[in-house]
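Student: structure, please.
(2 chains)
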Amino acid sequence: MFNASLKQLSAALAQKQLSSVELTQLCLDRIARLDPGINAFLTIDAEKSLAQARAADAQIAAGNAQPLTGIPVAHKDIFCAKGWRTTCGSKMLANFVSPYDAHVVEKLNAAGAVILGKTNMDEFAMGSSTETCYFGPVKNPWDRARVPGGSSGGSAAAVAARMAPAAIGTDTGGSIRQPAALSGICGLKPTYGVVSRYGMIAFASSLDQGGPMAGSAEDLAIMLNAMAGFDARDSTSLERPAEDYARALDVSPAADRARPLAGLRIGVPREYFGAGLSADVAAAVETALAQFEKLGARRVAISLPNSALSVPAYYVIAPAEASSNLSRFDGVRYGYRAAEYGDLADMYCKSRAQGFGAEVKRRILIGTYVLSHGYYDAYYLKAQKIRRLIAQDFADAYKQCDLIMGPTSPSVAFALGAKAADPVQMYLIDIYTVAANLAGLPAMSIPCGFGEGGMPVGLQLAGNFFAEARMLQAAHQYQLATDWHLRRPAGME
Amino acid sequence: MTWETVIGIETHAQLSTASKIFSGAATQFGAAPNAQACAVDIALPGVLPVLNRGAVERAVRFGLAVGGPEVINRRSVFARKNYFYPDLPKGYQISQFELPVVTGGAISFLTRDGEKTVRLTRAHLEEDAGKSLHEDFHGMSGIDLNRAGTPLLEIVTEPDMRSAEEAVAYAKALHALLRWIGICDGNMQEGSFRCDANVSVRRPGAPLGTRREIKNLNSFRFLQEAIEYEVRWQIDTLRDGGSIRQATVLFDPDRGETRMMRTKEDAHDYRYFPDPDLLPLAISAETIEQIRSELPELPQAKRERYLRDHQLSAYDAGVLTSSREVADFYEDVAESLGGGYKLAASWISGELFGALKRAGLEISQSPLGSRQLAGLLQQIQGNAISGKTAKDVFDAMWNGEGEAAAIIAAKGLTQISDAGELERVIDGVLAANPKSVEEYRAGKEKAFNALVGQAMKATKGKGNPARINEILKKKLAT
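Tutor: Presented below is the predicted three-dimensional model:
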C-alpha cells in the first residue's frame, strides 16, 4: 500500500478495498513510527485529518469522488491552513494558528484531499538543507546522517519515506526540485503564476511558486491538476483556461511504442556540466540522457551563457524581497514578541533578534543592504538586468530545443552540518535551479540513479512557459522505461 | 530689503471608494476600532494585495481634470516604502515612487489679484496607515487598523505659491475640484483632506531657500496660520544671522507655533523598490476615454462659459463655480427663467449667499430650493413686483412662509404698473409738491428723485419704479 501510486490508491478507495479513514490512519501510524528518526512533520492533528477523511469517505460513497478524494497529502508548513498551526519553520510563528486557508489549501480541500500534517522546512524557506528550521533539522530517509535538501525537506522526506503518498512544497530557488533530487522523489515547480501564492507565506514574491512533490510524474500531474488555477486574490496569478496536466502523459497510440519521444529535442547546456559537478551525478545524468535518446529524443548541445550569474543575481533579488516581506513579523499583532523590552524600538529589535534564526537574519541584512540608498542601482537594479539576460538565454535556447535537461544539484545529499558554516557553499548548491525561478519558467526533478554512498541523483527537466504537460510526458515515458522512481530507502518498513 | 515666500503643497486626499485600495474591507469612518480591518489589512502571513479599480478610476478622473489624457501615465508602478511603525502592519506602505499615475497638470483659481495657476508635479496612489491611540491604555498604545489601506491620492505641487493666502486659495480650489469630480468627500475633520506645506523664504531673484515641511494640516485656517508663523520664524532666524536647516515640523494650533519633528539627517532610508506582489498599473486609452466621457463639465470650463455666454461678472462666475452644488443651483434657476442669467446670478451671489452665510449654512442646506428662488425671480421678470419688494418676499420665503406667488397675493404686494392708475397718483404728487417741480425745472436733478420717492410712498412701494420714472419725465417735460 505504501508504494502505491495516487491512481492505485484512488482506485482502491473507489473499490472500497480501503477507506480514506483507514488510509489516513495507516499514514498517521507510519508517521508515529518513522518520523521520530526523520523529523519531517512539525504538526500532526489526527482528529482534523480523520474528520476530513470521513468527509472524503462520504463523498466516495455518494459517488462524488475526484482523483484526490480521500488521499492524504502532507503540506509544507508555509501554507496557511485554517485552524492549523502554521510556523514557516520559525520561532517567530511557533504559536501562529492560521485563521484562513491558502488558495492551494482551499483547492486541495475542495478536491477531497486530506491534510495529513504540516511538514518541516528551512526557516521561512531560506535554506537548501532543511537545517535552518527552528524545530530541528530533517534527516534524509536514505541516510539519516545526511540532509534531505531544502527548503521543502520535510515534504521530500515524508514522500521518500512513504509517510505521505504526496506532498506540497514551494520553490523560490530550487526548494522543491533540490530536496526532491536529494531525497529520491519527484517534484515540480510550475510556471510562475500557475499556482496562486495567496496564503503561501512569502519569501521572495517574484520567485515563489508552489508545486507538487510525489513519487512519479503521473502523481505530480494529478496533484498539479488540483493545485493550479486562477485566483483573483493573487495579482500575479495567471488567468487562463484550466489545463489537464495529465493529458499528454501517454503518447498517442499512433506513436512508435519503442521510440515514444521521437521528435523531442532535449537541450543540454554546456554550462551545467563544468567544474563543480560531482562525477557520480554527472554519470547518472549522462545515463539518463542516453535513456531519453533510446526513447527517441534527440540531444541538442546548447548554451546558457549567463548561467554563472544566476546565483549572484538570485542572492540579491531574493533577500531584497525577503527583507521587506518579513517586516510584518514585528511582534505587534501576532507571532513572537520578546518577553521583556524597553521602548518600541527595543521591542522590535528584541522580538526580531530572538524570533528569527541566523540564516533569516543574514538574508534580511543582505536584502536591506542591497535596497539601501546608494546601493540600489549597483545591486538590486543590476540584478534585475541580469535577470532579464537570463530569461533571454532561455528564450534563445527554446528556439533550438523543447526541453532542457541536466543535473538538479551538483552533488548528492551531503552530511548534516557539512555546509552549515559556509553560506556561500550552501548558496552554490542552487546553481542549476535558480535560473528557472528568475525566468519564471517551469522545471522539475525526477530520480535518475544513485551516486556516492548510494544516495539518489536527480535529473532536472526544464521547459518553456506552460510546458508542464510536455515535461511531465517526457518524465512519465522515462519512468515507464526505468524504475529509479520506484526504489525505496532501506529500513523503512 | 523684502523677502519672498515660496510654498509648495502636498495633499493627501482620501478617495471616496467603498472599500480599501488593496482589500475588500470597508472604508467608512467611525467604526469600532479594528472592525474594518481584514486579513490583508492586518497583514497576516501569506496575504496579498489586489488593486481596487475604483481608486484607479478616481486617479484618472483627477488627471483628466488637471491636465487631460496626456498627464496620465499609461503605465505606473507601485513601490514599497519600507519603515517600521506599529500602525503600519506590513512594515511597508504601498505607494508609487518613480512612476506615479499622474505627472504634471495644473490648477487655476481666482485670487484678489486675478487668475493664478499652480503647476502640479505629480499625483500618486497609495494606502493610508492605521492609527496609534496613546490614551486610555495605561502606559501602552492601542492600534486601530480601520484606516490602514484606505486609498489616498497624494497631490504634489511645484513651489508656485508666494503667500499663505495663495496657498489657502490653492488648497480651497483643489478641495473644491476633488469634490466637484466626485473623488473625495473633502471632510477635513475626518482627515479626508490633509495638507503638508513646504515653506522657504528668499530675497527676490535669489535661488530657492532651504525649506521646512509643515506636516498634516487639516484645516484651511491651520494651513494659513502655520505658514504665516513659519515664514515669520524663518525671516527672523535669517535676520538674526542664523540659517535654516531642512526639517519636518509640526504645527501646534493651540500655541500657533511650528515645532521641529525631525531634521533631514534623521530621515529614513525607505528602501523603495517595485512591489513584486502587484503588476505595473496599465491604463488603456479606452479606459481614459470612457472616464473622460463621464466626467462632468469642470469648474474652469463652466466659469469661462458663464463669462462668455451668460455675460456674468468675473466675481459672479467665480462664486457660482465654487462648487458643483452651487453651479447646479444657478443653472437650475437660470433655466427656469428662460435664460435670466444675470438676474439669477445676482440673486444667488447676493441675497441667497448672504442669507446662507448669516445662517451658517451650505447651499445644500438652503431652506430655499432652486425652484422656489426661480418662482420669486419670475415675479420680478413679469414686473409683478419690484426688486425691493422681492427682497421682502425673499425674507418671507426664507422664513418658511411659502411660495413667492402666494406670499405676494396674501400680502397684496403686486406691483402697480397700470398707466392710468400711476398717472392719477403722479398728478396728485405733482400738485402736492410744487416746490420740487419748480426746482427740477430749474435744473436740480435731485428734486426728480424726491418726486419719485413721493410717488412710491403714495403707492405704498408697489408702484413700478421704471414706469413711474417714465410718466414723471413725460409730465415734467410738458
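
Student: restrict stretch B:125-145 to CA atoms and write it as PDB.
Tutor: Output of stretch B:125-145 as PDB, limited to C-alpha atoms (Å, rounded to 0.1, in the frame of the first residue of the first chain):
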ATOM      1  CA  LEU B 125      -1.900  56.400  -5.400                       C
ATOM      2  CA  GLU B 126      -1.000  55.000  -2.100                       C
ATOM      3  CA  GLU B 127      -2.500  53.400   1.000                       C
ATOM      4  CA  ASP B 128      -3.100  55.100   4.300                       C
ATOM      5  CA  ALA B 129      -1.600  53.800   7.600                       C
ATOM      6  CA  GLY B 130      -3.700  52.900  10.700                       C
ATOM      7  CA  LYS B 131      -3.800  54.900  13.900                       C
ATOM      8  CA  SER B 132      -1.900  54.600  17.100                       C
ATOM      9  CA  LEU B 133      -4.000  55.500  20.200                       C
ATOM     10  CA  HIS B 134      -2.000  56.700  23.100                       C
ATOM     11  CA  GLU B 135      -4.700  57.400  25.600                       C
ATOM     12  CA  ASP B 136      -6.700  55.000  27.900                       C
ATOM     13  CA  PHE B 137      -4.200  52.200  27.600                       C
ATOM     14  CA  HIS B 138      -2.300  52.600  30.900                       C
ATOM     15  CA  GLY B 139       1.100  53.300  29.500                       C
ATOM     16  CA  MET B 140       0.700  51.200  26.400                       C
ATOM     17  CA  SER B 141      -0.500  52.100  22.900                       C
ATOM     18  CA  GLY B 142      -3.600  50.800  21.100                       C
ATOM     19  CA  ILE B 143      -3.600  50.200  17.400                       C
ATOM     20  CA  ASP B 144      -6.700  50.800  15.200                       C
ATOM     21  CA  LEU B 145      -6.200  49.500  11.700                       C
END
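
Student: show me which residues of that stretch are buried.
Tutor: B:L125, B:E126, B:E127, B:D128, B:A129, B:G130, B:K131, B:I143, B:D144, B:L145 (16 or more other C-beta atoms under 10 Å in any protein chain shown). Bear in mind the C-beta positions are built from the backbone N, C-alpha and C, glycine included.

Student: any idea how far B:E325 lies from A:E239?
Tutor: B:E325 sits 42 Å away from A:E239, going by C-beta to C-beta, to the nearest Å.

Student: with neighbour numbers in mind, choose between those two.
Tutor: B:E325 (14 against 9; other C-beta atoms under 10 Å in any protein chain shown).

Student: narrow the buried residues of stretch B:125-145 to those in helices?
Tutor: Mapping the buried residues of stretch B:125-145 onto helices (DSSP state H) picks out no residues; all lie outside.

Student: next up, phi/psi of whichever residue of chain B sits closest to chain A, please.
Tutor: Here chain B gets closest to chain A at one residue, B:G91, 2.3 Å apart by C-beta to the nearest C-beta. Note on B:G91: its backbone torsions stand at phi 80, psi 0 [degrees, to the nearest 10].

Student: report the contact partners of it.
Tutor: A:S324, A:L326, A:S327, A:R328, A:D330, B:A43, B:N82, B:Y83, B:F84 (C-beta atoms under 8 Å, 6 or more residues apart in numbering or on different chains).

Student: longest helix in chain B, please.
Tutor: Max-length helix for chain B by DSSP H is helix B:220-239.

Student: that one: which residues count as buried?
Tutor: Taking 16+ other C-beta under 10 Å as the criterion, helix B:220-239 shows B:220, B:222-231, B:233-234, B:238 as buried.

Student: and stretch A:250-259, by the same measure?
Tutor: So stretch A:250-259, judged by 16+ other C-beta under 10 Å, has buried residues A:V251, A:R259.

Student: next one: that stretch to chain centre, how far?
Tutor: Chain-centre distance of stretch A:250-259: 30 Å, with C-alpha atoms, centre = their mean, to the nearest Å.
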